[in-house]
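A.B. asks: give me the fold of what follows.
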Amino acid sequence: MTRAPDCDDKTLPDPVEPTMPVEPTMPASPSPLADYQLGGVIGRGGMGEVFAARDLRIGREVAIKRMLTAEPTADALARFQREARIQARLDHPAIVPVHELGADAEGRPYFTMKRLAGVTLNKVIASPTASLQRLLRAFVDVCLAIELAHTKGVIHRDLKPSNIMVGDYGEVYVLDWGVARVVADQADEPAGIAIPTFDGGTAAGTLLGTPGYMAPEQIRDEAVGPAADVYALGSILFEIITREPLHPRGVAALITTLEPAKAPSLRHPERAIPPELDAACIEALALVAAQRPTAGRLGERIQRYLDGDRDHERRRLLAAEQLARARVALVAGARAEAMRAGGRALALDPESADAAALVSQLMLEPPTALPPELRAEIVASEVADVQRHARRSKFAFLSGIILLPLGLIAGIESWPVVIGFSALALLLAAAAWSLQRRPERRLYQMMTYAAGNALLIAVIGRFCGPFIFVPAVASVITMSMMAYPVFARRARIMTGAILAGWLTPVAFEQLGVLEKTWSVANGVISSTSHSIDLSGAGALALVFGSGFGTIVIAGTMASAHTRAQLDARTKLESQAWHLRQLLPRSR
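C.D. replies: Numbering: from 1, shown residues only. Coordinates of the predicted model:
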């Protein structure tokens, strides 16, 4: 599509303020239109037309804007000259350069300029394929062009998407400088100045600008400065961000322009509008002109956002590469490398749901096969648990020696049994102490330790029969042994060993190998000790003392085991909670 400045299919602004010297007629151009090969009309307005042409002298494509009449009014001619001269004095890549100003053979004024190819910004905004980054880059170019105009004392006064063209190769042009004002000229506005119509065109009237893009001071007919263009830029930015106009079409826009603008994020909360763009847009749309930034500062803010957004895009690409590497490593069984790569992906792009899911899986789901490094850490943790439990077991075995003084009080009938029990308790205490020092003992050594515990149960049964407190002691020892990971993984074997320690003496008694320590007759179970005298007060002291010691030892060990579990659970849940805070929350 080809389009020239200050011309569309609607109506062109006609009279304007005479901000430059006006001559009643235009002198003949030294380069008449005979030097141009004219093409078709590419735009027409109320007082002029624009057509494509080729400069035959140097062979370049141009656009020629020519007045429709050879006898224009003084105001019309002034405006035509002003437009050409303003564009010519604003040397910027986003402002169409003017090559020549003159009159044709019939006396009709014209000027030549660069021919453009592209589409207007409003069509780009309406395109579903146009990215926000592309639109914002074009917007920054417009801001810089308007800032240059302001430094030259020129105010555009009719900025809108249809007056901005985006070229085929990314170039951007600000069009239609016909109603621009030169600040240095203090001439009054002439009667019948231009007002754009509500459908986007321009007609004679009393206001300058297009409703929906005009600043509040333009509507209130106050003094208009560069801030009026900044308000129009804010309206354009709003349209770029939300893909819809800030104000309604028609006369309603004149009313809403005088009200505080609603932030793009409030108008469309579902769009997740970046806060930097939100704030820049609202600042440019301030009702008070002095509170708006300059066009250059507005462009700088958008450029800073684009620079950060480009960096964010680069980080997302790097995150995608790390995520792909993590998945390959996970499939290959290199879990540590997968975790490192997944962590890097999440650090590069904290909003990546895929990276968060992978890291969560690696952190919270146990692997089917433990990596060597993790296995080593688990073994180290188990070693620490064994040391703690061995320390408690050492004191528990030593407390078993209390049976010796209790046996002395009651009266000892078989010293070999009592001495054997005490020696076995001391040996098991020594084994626990050795296990505390060297918890990495081999399996056969641990099994020997388990066999010693089973033998201890068997010896205890000889003191007062298998039914008084032997099951309670056996339960305490079983619970204690299950605190060792090596025994917990072989729970059936360990439980069978303790059961064997309890029932083997009973079987031997039934076979007559050992003297019987129990009997059942007339509904009464009797226990007899062949090692300690169970008559008198000493027997009560032995029974109650043994029961008391068993309960205390069981409670102490159970409490320690439960506290260790609670501490481990608290630590695990705390770590999981803190790790979850690192991951992006689902929207």
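A.B. asks: the chain: strands as residue ranges?
C.D. replies: Taking DSSP state E as the criterion, the chain carries its strands at 36-44, 48-55, 60-67, 98-103, 109-114, 118-120, 154-155, 164-167, 172-174, 181-182, 194-196, 202-204, 518-521, 524-527.
A.B. asks: what helices or strands is the fifth one leaning on?
C.D. replies: In this case it means strand 109-114. Where contact means 3 or more CB pairs under 8 Å, 6 or more residues apart in numbering; DSSP states H and E, strand 109-114 is packed against strand 60-67, helix 74-89, strand 98-103. C-beta here means a position set from N, CA and C on the backbone, and glycine is covered the same way.
A.B. asks: what do you get for the first one?
C.D. replies: In this structure, strand 36-44 packs against strand 48-55, strand 60-67, with contacts taken as 3+ CB pairs under 8 Å, 6+ apart.
A.B. asks: one more time with 6 Å, if that's ok
C.D. replies: Secondary-structure packing of strand 36-44 (3 or more CB pairs under 6 Å, 6 or more residues apart in numbering; DSSP states H and E): strand 48-55.
A.B. asks: now the strand it packs on: mean pLDDT?
C.D. replies: The pLDDT scores in strand 48-55 average 90.
A.B. asks: that one pairs with which strands?
C.D. replies: Sheet partners assigned to strand 48-55 using DSSP bridges are listed as strand 36-44 (antiparallel), strand 60-67 (antiparallel).
A.B. asks: now the angle from that strand to strand 98-103?
C.D. replies: Here strand 48-55 points in a direction 110 degrees away from that of strand 98-103 (axes from the mean of the first three to the mean of the last three CA atoms, to 10 degrees).
A.B. asks: give me the contacts around strand 48-55.
C.D. replies: Strand 48-55 is contacted by residues 4, 7, 36-39, 41-43, 61-65, 67-68 when judged by CB atoms under 6 Å, 6 or more residues apart in numbering.
A.B. asks: coming back round to it: deepest-packed of the strands paired with strand 48-55, please.
C.D. replies: Mean neighbour count (mean count of other CB atoms under 10 Å) peaks for strand 60-67 among the strands paired with strand 48-55, with a mean of 20.
A.B. asks: quick one, helices of the stretch 251-400 of the chain?
C.D. replies: 252-256, 264-267, 275-284, 295-331, 335-348, 353-364, 372-399 (DSSP state H, counting those that start in this stretch).
A.B. asks: same thing with the stretch 451-587 of the chain?
C.D. replies: Secondary structure of the stretch 451-587 of the chain (DSSP H, counting those that start in this stretch): helices located at 470-481, 485-488, 491-511, 537-582.
A.B. asks: quick one, which of those is packed in tightest?
C.D. replies: Burial of the helices of the stretch 451-587 of the chain is given as mean neighbour count (mean count of other CB under 10 Å); helix 470-481 ranks first at a mean of 20.
A.B. asks: what's the angle between it and helix 537-582?
C.D. replies: Going by the same axes, to 10 degrees, helix 470-481 is angled at 30 degrees with respect to helix 537-582.
A.B. asks: the strands of the chain into CSV, with extra columns for distance to Ser131?
C.D. replies: Below are the strands of the chain laid out as CSV (distance: least, CB to CB, whole Å):
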stretch, distance to Ser131
strand 36-44, 28
strand 48-55, 31
strand 60-67, 29
strand 98-103, 33
strand 109-114, 27
strand 118-120, 15
strand 154-155, 31
strand 164-167, 12
strand 172-174, 15
strand 181-182, 35
strand 194-196, 29
strand 202-204, 31
strand 518-521, 90
strand 524-527, 89
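A.B. asks: quick one, which of those strands is nearest to Leu266?
C.D. replies: Taking CB to CB, strand 164-167 is the member of the strands of the chain nearest to Leu266, at 25.9 Å.
A.B. asks: ok now that closest one, how far from the chain's centre?
C.D. replies: How far strand 164-167 lies from its chain's middle: 34 Å, per CA atoms, centre = their mean, to the nearest Å.
A.B. asks: strands paired with it, and their directions?
C.D. replies: As defined by DSSP bridges, the strand partners of strand 164-167 come to strand 118-120 (antiparallel), strand 172-174 (antiparallel).
A.B. asks: hey, least reliable of these by pLDDT?
C.D. replies: Looking at the strands paired with strand 164-167, the lowest mean pLDDT belongs to strand 118-120 (a mean of 90).
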